[in-house]
Structure formats: C-alpha cells, structure tokens
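Undergrad: Below is the sequence, then the predicted model.
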Amino acid sequence: MSARLQAIGFWVAAAGLLVALALPLSSQAAAAFTSRTGLLVALVAAAAAFALASWRTPVSTVFGLVGTALGCAVTVMLLQDPAIAGYASWGYWLMVLAIWLGAILASTRLADLSAADQVTRWLRDLSIPLLFGVFLIYLWEVTVRGFGVSPVLMPAPTSTALRLAQSLPTLGEDFMQTFVRSVLAGYAIGCGTGFIVAVVAYRYDFLKRGLLPLGNFVSALPVVGIAPIMVMWFGFDWQSKAAVVAVMCFFPMLVNTLAGLAVAGPMERDLMRSYGARPLQTLLKLNLPAAMPFIFNALKINSTLALIGAIVAEFFGTPLRGIGFRISIEVARMSLDMVWAEIALAAVAGMAFYGIVALAERAVTSWHPSYRK
C-alpha cells in the first residue's frame with residue numbers, strides 16, 4: 001500500500017471516530033456519551049493519534065498503534081453500559097469500523113518498517129502476528145457483546161478468560177492427563193518407531209515396497225474408528241490415548257523419513273563409496289543429514305496431529321479428566337465458557353509444542369537454503 005493511501009486511510013479513520021460522536025450509540029436509548037468526559041477525551045485522542053499517523057515518518061507508526069489502543073479501550077468500556085451492550089447502534093459500529101481501519105493501516109506501517117539489526121527484525125516480526133491476534137479477539141468481544149449474542153452460542157473472550165482463571169487447577173489436571181501423559185508418550189513412541197522402521201526399510205527395499213502402501217491405508221483411517229479399538233485394548237486411562245497418538249504419528253514419520261533418506265543423489269553415494277565408507281557411515285554422514293528437513297517436517301506435522309488424536313480419543317472414555325473429556329462434559333452442560341477455556345489451553349499447548357520443534361529444526365538444519373538470508 002502506498003504512503004499516500006495510508007495517509008488518506010488514517011484521516012478517514014480519524015473522521016469516522018469524530019462523526020460517531022454525533023450518532024446514537026444504542027437502538028434502545030440515547031447513550032449519554034457527552035457526559036462521560038474520560039471516554040470522550042480518549043476517543044478524541046484516538047482520532048488525533050490517527051491524524052498524526054498520516055505523517056510519512058517511522059514515528060507515525062506509534063501514533064497509529066496508540067490510536068488503535070485508545071479506540072479499542074473506549075469501545076470495550078462503552079459495553080459496560082446495559083443500554084449499549086446488546087443494543088449497539090450505528091454510532092458504535094462506526095467507531096469499531098474506524099478502529100478496524102486504523103489497526104489495518106498501523107499493522108501495514110509496522111510491517112513496512114526496515115529493521116537495522118536482527119533483534120529489531122525479530123521484535124517486528126513477532127509483534128505483527130501478536131497484534132493481529134489481539135485485534136481479532138477485540139472484534140470477537142465487541143461483536144458478541146454489542147449484538148447481545150447468547151453465551152450459550154458464543155461466550156465473550158472476557159467470560160472465557162475469567163472462567164479460565166477460576167478453573168486453573170482443573171485445567172492443570174486436564175493438561176497433565178492429555179498433553180503430558182497421552183500426547184508426549186504417544187508422540188515419542190510413534191515418531192521413534194516410525195524413524196527406526198524407515199531406516200530399516202530404506203536398507204531393505206522389500207520392506208519399503210510393502211510398508212508404503214500399508215502406510216497410505218492406515219493414514220486414511222479416521223481417528224474416530226481407531227480410538228474405540230484402542231480403548232478396548234489398552235483401557236480407559238492415558239495408555240489408550242497414547243496408542244492412538246502413536247498410530248497417527250507413525251506413518252507420517254515413516255513416509256517423510258523414507259523420502260528424506262532418498263534425497264542424496266548417486267554422485268554423493270558414489271563419493272562415499274570411493275572413500276571406502278561402510279553403510280552405517282554413509283547413513284550417518286550422508287543420508288541422515290540430508291533427510292533432516294523431511295524428518296522435522298514430519299515432527300511438525302505430528303505435533304498437531306498428536307494433540308488432535310489425544311483429544312478425540314478422550315471422547316470415547318477417560319478417567320474423569322482430560323481436555324477431550326472436559327469438552328464433551330461441558331458441552332452437555334451448555335457451559336460454553338469452559339469449553340472455550342479448554343480450547344484455548346489446547347491451542348496454546350499445541351502452538352508451544354510446534355514452536356519448540358520449529359526452533360529445534362532451525363538449530364539442526366541451519367545450513368538449509370530456506371534459512372539463508
């Protein structure tokens with residue numbers, strides 16, 4: 001987006017906030033907005049910040065972010081008024097639209113900033129998705145509360161956060177049962193055995209020819225079909241969930257590792273033979289390093305599959321704790337705030353797990369062309 005269009009957009013956002021002052025905020029009763037001095041000052045300050053953000057300087061990005069923050073705070077605070085919450089009118093939604101425009105433009109400015117060093121570049125790259133996620137939560141909050149959506153259908157993020165804070169002991173038990181016991185154990189077993197079988201199958205071609213079609217078949221099996229069988233075999237505790245996770249992780253690791261081991265070309269293999277390298281030395285010095293991007297690709301895929309498999313498996317029987325068990329119970333009770341708290345817990349755990357694997361990949365495969373600047 002050109003700087004001229006960005007400047008025009010910030011002026012439109014500022015004008016939208018000011019015009020909203022003259023429009024009704026509620027469809028039920030006229031909200032006494034002019035009597036709320038603090039909110040009025042904050043909204044005018046947000047409009048002024050958007051106007052200053054139209055400058056073509058790096059400092060203008062800060063004004064855009066400040067204007068967005070002030071506008072978000074005002075619109076959320078207005079929802080404390082029962083005449084507005086559930087009855088928001090054109091004036092209120094014009095504010096939200098202006099803030100949305102300002103947030104988009106401020107994020108664009110932030111993405112366009114040049115970073116002088118690696119730390120600054122890292123902070124910039126981290127702040128953009130973080131701010132984007134926070135703004136999506138803000139839109140969720142004002143939409144649910146502004147339209148008066150029933151908590152049974154969709155609870156507001158503030159209600160979910162409050163329930164999460166009140167249920168930390170329960171969430172801790174569910175996390176230990178699902179993630180620490182089921183996911184990590186099944187992930188280690190499935191990925192470990194898949195890697196070992198892939199190395200052996202690469203050495204013996206008849207195993208590769210027999211296992212790959214079988215892997216395609218098993219990968220197509222739905223987890224809802226595997227989970228009840230594993231519960232019957234291994235019981236209702238975490239062992240059956242770990243078995244489901246192991247089955248789901250085994251074949252992605254097998255297929256990706258076999259593909260990675262075959263990456264080394266005939267020239268590289270001939271060079272190792274000319275050096276008199278034994279098969280084990282060729283595997284350790286040539287095939288495995290070349291296969292590392294494929295192996296980590298399987299590890300990243302399995303980091304999400306493992307959590308999904310464990311949660312779905314808990315729907316078919318678990319000892320009164322676990323993320324999947326809690327979700328199924330709370331849905332039956334129509335307690336959607338607790339359901340979303342469990343979903344948030346699973347999302348954070350899954351993102352952290354994926355991030356750890358991605359950091360390990362970067363450390364091990366820093367030589368790969370995808371990491372070259």
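TA: Done, it's in. Numbering: from 1, shown residues only.
Undergrad: residues in contact with residue 338?
TA: If a contact means CB atoms under 8 Å, 6 or more residues apart in numbering, then residue 338 has 163, 167, 326, 330 as its contacts. C-beta: built from backbone N, CA, C; applies to glycine.
Undergrad: ok, it to residue 151 distance?
TA: 11 Å (CB to CB, to the nearest Å).
Undergrad: quick one: low-confidence ranges for the protein?
TA: Low-confidence segments of the chain (pLDDT under 70): 1, 28-37, 115-117, 218-219, 265-273, 275-277, 281, 284, 368-373.
Undergrad: Would you map out the domains in it?
TA: Using automatic domain parsing, the domain parsing of the chain gives 3-149, 165-368.
Undergrad: want to throw the ones you listed into JSON lines with distance to residue 155?
TA: Listed next are the domains of the chain as JSON lines, based on distance: least, CB to CB, whole Å:
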{"stretch": "domain 3-149", "distance to residue 155": "7"}
{"stretch": "domain 165-368", "distance to residue 155": "4"}
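Undergrad: With respect to residue 157, which of the ones you listed lies nearest?
TA: Set against residue 157 and scored by CB to CB, the domains of the chain come closest in domain 3-149, at 5.0 Å.
Undergrad: Mind listing what's buried along stretch 58-65?
TA: By neighbour count with 16 or more other CB atoms under 10 Å, stretch 58-65 contains the buried residues 60, 61, 62, 63, 64, 65.
Undergrad: wait, I meant stretch 327-345
TA: Quick answer for stretch 327-345 (16+ other CB under 10 Å): 327-328, 330, 335-342, 344-345.
Undergrad: Quote the end-to-end distance of it.
TA: 11 Å (CA to CA, to the nearest Å).
Undergrad: Excluding chain neighbours, give the residue nearest to residue 135 in space.
TA: Of all residues not flanking residue 135 in the chain, residue 103 sits nearest, at 5.1 Å (CB to CB, 6 or more residues apart in numbering).
Undergrad: Could you do residue 91 as well?
TA: Closest residue to residue 91 apart from its sequence neighbours, by CB to CB, 6+ apart: residue 23 at 3.2 Å.
Undergrad: tell me the contacts of the one you found?
TA: Residue 23 makes contacts with 89, 90, 91, 94, as judged by CB under 8 Å, 6+ apart.
Undergrad: Spell out the secondary structure type for it.
TA: Under DSSP: H, G, I helix; E, B strand; the rest coil, residue 23 falls in the coil class.
Undergrad: For it, give its distance to residue 90.
TA: 5 Å.
Undergrad: Also residue 328?
TA: 41 Å.
Undergrad: For the helix or strand where residue 250 lies, which residues meet the burial criterion?
TA: Element membership for residue 250 (DSSP states H and E) is helix 238-261. For helix 238-261, burial by neighbour count (16+ other CB under 10 Å) applies to 238-258, 260-261.
Undergrad: now do stretch 6-17
TA: In stretch 6-17, counting by 16+ other CB under 10 Å, buried: 6, 7, 9, 10, 12, 13, 14, 16, 17.
Undergrad: Tell me the one of those residues nearest residue 293?
TA: Using CB to CB, the buried residues of stretch 6-17 come closest to residue 293 at residue 6, 38.3 Å.
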